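Peer 1: next come a sequence and a model predicted from it.
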Amino acid sequence: MSEKSNTINEPSGKEFEISREFNAPREVVFNLLTKAEHLKHWWGPKELKMGTTKVDLRPGGMFHYSMIAPDGTEMWGRFIYHEIIPPEKIVFVNSFSDERGGITRHPMAPKWPAEVMNILTLTEHNGKTTLTLRGGPINATAEERKIFEDGFSSMQHGFTGTFDQLDEYLSNL
């Protein structure tokens, strides 16, 4: 059953895209992407530790999480879900946030787009799942879109590390 929210803004400008194959059925990978008890073990950059993790998996619902840096600094992020088609697709808007779930700017890059629309798809072949994530800024200025596009290499590195952690978590299940 597909659930979809009423309004979705389309990304503007070039979109970032990354794919990764995991040695698990897509139902398993979908579960690890949508349940707080799993996300807290692998989501986010390698050098950060997950703190608070809450998931309300429905259109209009939120994945709200904190990440703690080695120096103890805490950052918050959120996904607002727009469309969920288990186990094949999740559409969400990702933002930095405060501890109450309100949108904030990137703590180290204030010109980073405040909102990024993402489409995550899962396809399965012979028991292995390919996760593809693509997305781009919404409600962004030309300057914010350029900064986003200039950050593709950094995002590639960051998501590779995050997906490495998911792969390791999968191997320990």
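Peer 2: Received it, and whenever you're ready, just let me know what you need. Since we're looking at a predicted model, the values are computed, not measured.
Peer 1: for stretch 33-47, list every residue counted as buried.
Peer 2: 33, 34, 36, 38, 39, 40, 42, 43, 44 (16 or more other CB atoms under 10 Å). Using the backbone N, CA and C atoms, a C-beta is placed for each residue, glycine as well.
Peer 1: please apply the same query to stretch 108-116.
Peer 2: 112, 113, 114, 115, 116.
Peer 1: how about the strands in this protein?
Peer 2: In the chain, the segments counted as strands under DSSP state E are 3-4, 16-22, 49-55, 62-68, 74-85, 89-97, 103-104, 116-125, 128-137.
Peer 1: helices or strands up against the second one?
Peer 2: Same thing as strand 16-22. strand 128-137, helix 152-171 (3 or more CB pairs under 8 Å, 6 or more residues apart in numbering; DSSP states H and E).
Peer 1: need these in TSV (columns: mean pLDDT, mean neighbour count and distance to residue 90).
Peer 2: TSV is the format used below for the helices and strands packed on strand 16-22 (pLDDT from 0 to 100; neighbours: other CB atoms under 10 Å; distance: least, CB to CB, whole Å):
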stretch	mean pLDDT	mean neighbour count	distance to residue 90
strand 128-137	98	19	9
helix 152-171	96	14	14
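Peer 1: so which of those comes closest to residue 145?
Peer 2: Nearest to residue 145, of all the helices and strands packed on strand 16-22, is strand 128-137, at 5.4 Å by CB to CB.
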